[in-house]
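S.K.: Quick one, fold the following:
(2 chains)
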Protein chains: 2
Amino acid sequence: MKTKSFSDMQCSIARTLEHVGSWWSLLIIRDVMMGAHRFKHFEKSLGIAKNTLTTRLAQLVEGGILEKVPAADGSAFDEYVLTERGRELAPVMIALSQWGDKWVAHEDGPSTEIIDGTTGKRLPRVWPRRENGEMMPLSEVSMRKADHAPPKNWAKEQE
Amino acid sequence: MKTKSFSDMQCSIARTLEHVGSWWSLLIIRDVMMGAHRFKHFEKSLGIAKNTLTTRLAQLVEGGILEKVPAADGSAFDEYVLTERGRELAPVMIALSQWGDKWVAHEDGPSTEIIDGTTGKRLPRVWPRRENGEMMPLSEVSMRKADHAPPKNWAKEQE
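M.R.: Below is the predicted model of the structure:
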């Protein structure tokens, strides 16, 4: 259970986590990216309690990541589809998936492939790149406090 | 609270989430990437209970994402640094940060900048790219079941 809200934090990582909601929410987003669109599909895929799933779906809709639309086949069921901001979580999902493939893959191999639909080939790693598209060594990437942001409250002591 | 383990799932996204541990763990990793290395720094930065932080740090060490090393300044404090697999979470962290900058930024602007250390310029978005480094439209990226993996248990009904 989250014991504190991240939403008042200025950091975009914390704000994204708050906005997305939970680990479960990421798995729902994964399922939508892989073609699941109905409550029943998520329930089967994830094996979670109906009330938990209801809460997570409502949060994703409220956060503008999913939207509810009438069923594509004209039946009475609502369907959940990604909004633009939901689709733009793809780099996060791909990076999580590729990290898992490399470091903690299941003994039977990963269950999911991420493919360039124009070539059918496996997608190169989502990775920091230079303006010209070249992959960078991670040692050349710097995460730092923005000039206008208050100093990290541990930084003074560290000096 | 997580109600179910993701570790028996075959999906690399679920396995990564299980291995990383929690939202808090991602914020600890962020802090290490930004230069925090000691228990006290994380405690100040995150404002969480000591016992929660202790558990999260132990889990990250056990998962091979952080390692404990003697203090760089020769003092008695342990320090936490990223292992190679920990450093390779950078694409996940950057993607979360860039998504937040775009979609849910704080009214005062993001607190963190991600910089190409060789040019001092802001890093281009971490994004799916073709082999030649060109950014792809998300509509051309396909996440699909690997051939050897069992069918999604909702897929049959969907046909």
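S.K.: Give me the pLDDT value at residue A:9.
M.R.: With respect to pLDDT, residue A:9 scores 77.
S.K.: Where does it sit: helix, strand or coil?
M.R.: Three-state call for residue A:9 (DSSP: H, G, I helix; E, B strand; the rest coil): coil.
S.K.: Can you report how many residues neighbour the residue in chain A positioned nearest to chain B?
M.R.: Nearest to chain B in chain A, going by Cβ to the nearest Cβ, is residue A:133, at a distance of 2.3 Å. Yep, even glycine has a C-beta here, placed from its N, CA and C like the rest. If you count neighbours by other Cβ atoms under 10 Å in any protein chain shown, residue A:133 ends up with 14.
S.K.: doesn't it fall inside a strand?
M.R.: No - Residue A:133: not assigned to a strand; according to three-state DSSP it is coil.
S.K.: contacting residues for the closest residue to it other than its chain neighbours?
M.R.: Spatial nearest neighbour of residue A:133, excluding adjacent residues (Cβ to Cβ, 6 or more residues apart in numbering or on different chains): residue B:133 at 2.3 Å. Residue B:133 makes contact with A:129, A:132-135, according to Cβ atoms under 8 Å, 6 or more residues apart in numbering or on different chains.
S.K.: and with 10 Å instead?
M.R.: A:124, A:129-135 (Cβ atoms under 10 Å, 6 or more residues apart in numbering or on different chains).
S.K.: next one: residue A:131
M.R.: Residue A:131 is in contact with B:116, B:119, B:121, B:123-124, B:133, counting by Cβ under 10 Å, 6+ apart.
S.K.: For those, pick the one with the most neighbours.
M.R.: Of all those, the most densely surrounded is residue B:123 (23 neighbours; neighbours counted as other Cβ under 10 Å).
S.K.: Residue A:144 is in contact with that one, correct?
M.R.: No - with contact defined as Cβ atoms under 10 Å, residue B:123 does not count as touching residue A:144 (11.4 Å).
S.K.: got the residue ranges for the helices in chain A?
M.R.: For chain A, the helices defined by DSSP state H occupy A:12-20, A:23-33, A:39-46, A:50-62, A:84-87, A:90-103, A:155-158.
S.K.: most packed of those helices?
M.R.: With neighbours defined by mean count of other Cβ atoms under 10 Å in any protein chain shown, none of the helices of chain A is more surrounded on average than helix A:12-20, at a mean of 25.
S.K.: So is that helix next to chain B?
M.R.: Yes - judged by Cβ under 10 Å from any Cβ of the partner chain, helix A:12-20 and chain B are in contact via A:12-20.
S.K.: re earlier: so what sits against both of residue B:123 and residue A:144?
M.R.: Common neighbours of residue B:123 and residue A:144, using Cβ under 10 Å, 6+ apart, are B:113-115, B:117.
S.K.: Now rank those by neighbours and give me the top one.
M.R.: When neighbours are counted by other Cβ under 10 Å, residue B:114 leads those with 23 neighbours.
S.K.: residue contacts, that one?
M.R.: Neighbouring residues of residue B:114 by Cβ under 10 Å, 6+ apart: A:12, A:128, A:141-144, B:33, B:90, B:93-94, B:97-98, B:101, B:122-126.
S.K.: pLDDT wise, what is it at?
M.R.: In the predicted model, residue B:114 carries a pLDDT score of 95.
S.K.: ok, back up a step: quick one: which of the contacts of residue A:131 is nearest residue B:6?
M.R.: Set against residue B:6, the nearest of the contacts of residue A:131 by Cβ to Cβ is residue B:123 (29.7 Å).
S.K.: Please report phi then psi for that closest one.
M.R.: The phi/psi pair for residue B:123 (degrees, to the nearest 10) reads phi -70, psi 140.
S.K.: measure the closest residue to it other than its chain neighbours to residue A:109 for me?
M.R.: Excluding its sequence neighbours, the residue lying closest to residue B:123 (Cβ to Cβ, 6+ apart) is residue B:114, at 4.7 Å. As judged by Cβ to Cβ, to the nearest Å, residue B:114 and residue A:109 stand 32 Å apart.
S.K.: How about residue A:141?
M.R.: According to Cβ to Cβ, residue A:141 and residue A:109 sit 30 Å apart.
S.K.: Show me which of the two is the more surrounded one.
M.R.: Neighbour totals were compared for residue A:141 and residue A:109, and residue A:141 leads with 22 against 14 (other Cβ under 10 Å).
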